[in-house]
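In: Build the 3D model from these lines:
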Amino acid sequence: MKPVIATVFALLFIALTIPAYAATTNLLNNSSFEVCTNGNIPDFWGPGGMGLSVPEYVLNPDSWRKRWGVDESTSHSGKRSMRIDCPGDASNISLHSKWLDTPKINVPYTLSVWLKADREDYPVAFGFEGVKEITIGTTWKRYWVTYDAYDKLLTISLIPKAKGIIWVDDYQFEEGSQPTDWTPAPGDASLTGDAVHRIVPDVKPFKFRPGKKTPAVVKIDSNRRFLVDGVPFIPFSSGWEHTPTREIIHDTAKAGFNAITIWVGNDKKLEEVRKCFDDANSFGLKVVVGMSGGITDENRTMFMTSLKDHPALIAWNVCDEPMGDDPTPAKAYELAKKIDPAHPAYVNYAPGFYLPDKLLSDIASLDQYTIGCGYTPLDQAKNVDMLEKIAKPGGGPSWIWLQSSGNAYWIPREPTGPEEEAMVYLCLIHGVRGIKFWIDIPLNSELHKTMKMLTREVRELTPIIYSLDTPPAVSVSPSSIHMFGKMYKGRKYVIAANTLPTKSTAELKIPTTRSEANVLFENRKVKVESGVIKDSFEGYQRHVYEVK
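Out: Numbering: from 1, shown residues only. You can find the predicted model right below:
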């Protein structure tokens, strides 16, 4: 799913002694690593790919967080530099920029950077794919490379090649065949790193049960409820681009997820995927299978025929992000229903590419990863509104991919914990009944802890959200608080979330004579006066009220 960007280089490395030229535009945002929205992780920069995928760091992300991040103890300029403590293997420990769009092609560009290491003659690969190594020393020196690019989308890479520590500062990417004095990118003046954050407590490992040994009975009923063995089920799925190991799947179950989404394609072996299914089932996780672009009908058929009776399977994502009038989605869906009519099959869309006018599969699904790109959690709620217009007439539920990663490709940063909290709750409020997270393990601990918290909450709320009891007539002001009411086992519930990053005081009206309400997940109660709850919402905060 990751495109490969081709570039051509004319390599020239020079250290320390560089003549000054007239300043040109630096095309790299946050090139001195001063802006960090999430902890010590610099916006616009990441370890390569989205999220942590190396098993060692997936199972112990704090060990990665100690090795990779900004350092305020030394810098070439400003208050911070980037510090990388390489254990010897550079996987998930190197430094990569998000995509940058070169204004021109077939002209020279120069990339320069200030570097130092904890020892002399430390080897580093600097530049882009295919570059030669340089060696750096214990004092700050500037290194540069000039090349002609024939592709507009580029990613800057810095890869440590041995055990040791390096520091990085003052990157510059500019048009021309010589480096000029470092200047910040034009857009850096507007970067603040300001965002809503909250302290998230650690949660104990979730106590899961092994799955059944017989195939699950999966059904979408006349009320658009997704049922597994007759029980309402909201897939809350951790997404994995590479097939996860048994240890990672176990860790995912302990985190509280009830499903994983894995990808199969022409390069995946059936034995590897089947083992993943077996491991998931042993830890009580269900599996959604995504099919990568370019997968052949032969391989589609092989995977579906071989795995359709596995007890962990709940759905097939037969086509991902199709564009325009691509006939693949219809053909893939038809093939899936022919081979495996017992499981739902669906197409996942991206609004930027194409979104159909009506439901073309069993489930309506989309993805759009926009946090850090000028969008807010409310925009995901608007996406759900679009999905629901398709899903309701077609009789299927709405599922969505939510962003749980960033710092790569076109995305400058990951969501904060409160942003993720708001996205999950706003999507549920607007009608989503399946949530998958792209992708792997978050870089920042606040987001990682928040996701674990949300797994528990969605599990507890699932029977309430799916309840067919007549809901209470509820209302709220201001309109920036979105909410819905439910009735379950004789109790009234209001599930509400703040769409804004700022604090708000709300009034929620609920028909009751009770004088107080429980606030689930917060260990507190609120007064109810004449059927009105007055409560404060922090930025992007959710509250769930229960009235007996």
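
In: can you point me to the longest strand in this structure?
Out: Counting by DSSP state E, the longest strand found in the chain is strand 164-175.

In: Can you list the strands that that one pairs with?
Out: On the basis of DSSP bridges, the sheet neighbours of strand 164-175 come out as strand 81-86 (antiparallel), strand 108-117 (antiparallel).

In: just the strands in the stretch 351-500 of the chain please.
Out: Taking DSSP state E, counting those that start in this stretch as the criterion, the stretch 351-500 of the chain carries its strands at 364-367, 398-403, 432-438, 475-477, 481-488, 491-498.

In: Any idea which of these gets closest to Pro42?
Out: strand 398-403 (18.1 Å; CB to CB). Bear in mind the C-beta positions are built from the backbone N, C-alpha and C, glycine included.

In: partners of the closest one, with directions?
Out: Using DSSP bridges, strand 398-403 pairs in its sheet with strand 364-367 (parallel), strand 432-438 (parallel).

In: mind giving me CSV with those strands and columns for distance to Ala506?
Out: As requested, the strands paired with strand 398-403 are exported to CSV (distance: least, CB to CB, whole Å):
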stretch, distance to Ala506
strand 364-367, 29
strand 432-438, 22
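
In: Reformat these as JSON lines; add mean pLDDT.
Out: Conversion of the strands paired with strand 398-403 to JSON lines gives the following (pLDDT from 0 to 100):
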{"stretch": "strand 364-367", "mean pLDDT": "96"}
{"stretch": "strand 432-438", "mean pLDDT": "97"}
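
In: hang on, the earlier thing: which helices and strands does whatever helix or strand comes next after the longest strand of the chain pack with?
Out: Under the assignment DSSP states H and E, the closest C-terminal helix or strand after strand 164-175 is strand 218-220. Other helices and strands packing on strand 218-220, by 3 or more CB pairs under 8 Å, 6 or more residues apart in numbering; DSSP states H and E, are strand 226-228.

In: Name the residues that touch the helix or strand harbouring Tyr333?
Out: Take DSSP H and E as the rule and Tyr333 turns out to sit in helix 328-339. Contacts of helix 328-339 with the rest of the structure, by CB atoms under 8 Å, 6 or more residues apart in numbering, involve 291, 297, 300-301, 304-305, 308, 316, 318-319, 322, 345-347, 360-361.

In: Swap in 10 Å and give it another go.
Out: Around helix 328-339, the neighbours that count as contacts under CB atoms under 10 Å, 6 or more residues apart in numbering are 289, 291, 293-295, 297, 300-301, 303-305, 308, 315-322, 343-349, 354, 356, 360-362.

In: following it, which helix or strand comes up?
Out: Next along from helix 328-339, by DSSP H and E: strand 345-349.

In: tell me the angle of that next one relative to helix 328-339?
Out: Direction vectors for strand 345-349 and helix 328-339, defined by axes from the mean of the first three to the mean of the last three CA atoms, to 10 degrees, enclose an angle of 160 degrees.

In: State the mean pLDDT of strand 345-349.
Out: The average pLDDT within strand 345-349 is 96.

In: Send me it as CSV with only the CA atoms.
Out: Extracted C-alpha coordinates of strand 345-349, given in CSV (Å, rounded to 0.1, in the frame of the first residue of the first chain):
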residue,chain,number,x,y,z
ALA,A,345,-17.8,-8.5,1.9
TYR,A,346,-17.3,-4.8,1.3
VAL,A,347,-15.3,-2.1,-0.5
ASN,A,348,-13.4,0.6,1.4
TYR,A,349,-13.5,4.0,-0.3
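
In: That strand pairs with which strands, parallel or anti?
Out: Each strand that strand 345-349 pairs with, and the sense of that pairing, follows from DSSP bridges: strand 313-320 (parallel), strand 364-367 (parallel).

In: I'd like these as CSV, with distance to Cys276 appended.
Out: As requested, the strands paired with strand 345-349 are exported to CSV (distance: least, CB to CB, whole Å):
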stretch, distance to Cys276
strand 313-320, 11
strand 364-367, 21
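
In: where are the low-confidence patches of the protein?
Out: Counting by pLDDT under 70, the chain has low-confidence residues at 1-23, 129-130, 150.

In: Show me how it divides into domains.
Out: 45-186, 220-465, 475-547 (automatic domain parsing).

In: Could you export those as JSON lines, including mean neighbour count?
Out: Rendered in JSON lines, the data for those read as follows (neighbours: other CB atoms under 10 Å):
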{"stretch": "domain 45-186", "mean neighbour count": "18"}
{"stretch": "domain 220-465", "mean neighbour count": "20"}
{"stretch": "domain 475-547", "mean neighbour count": "17"}
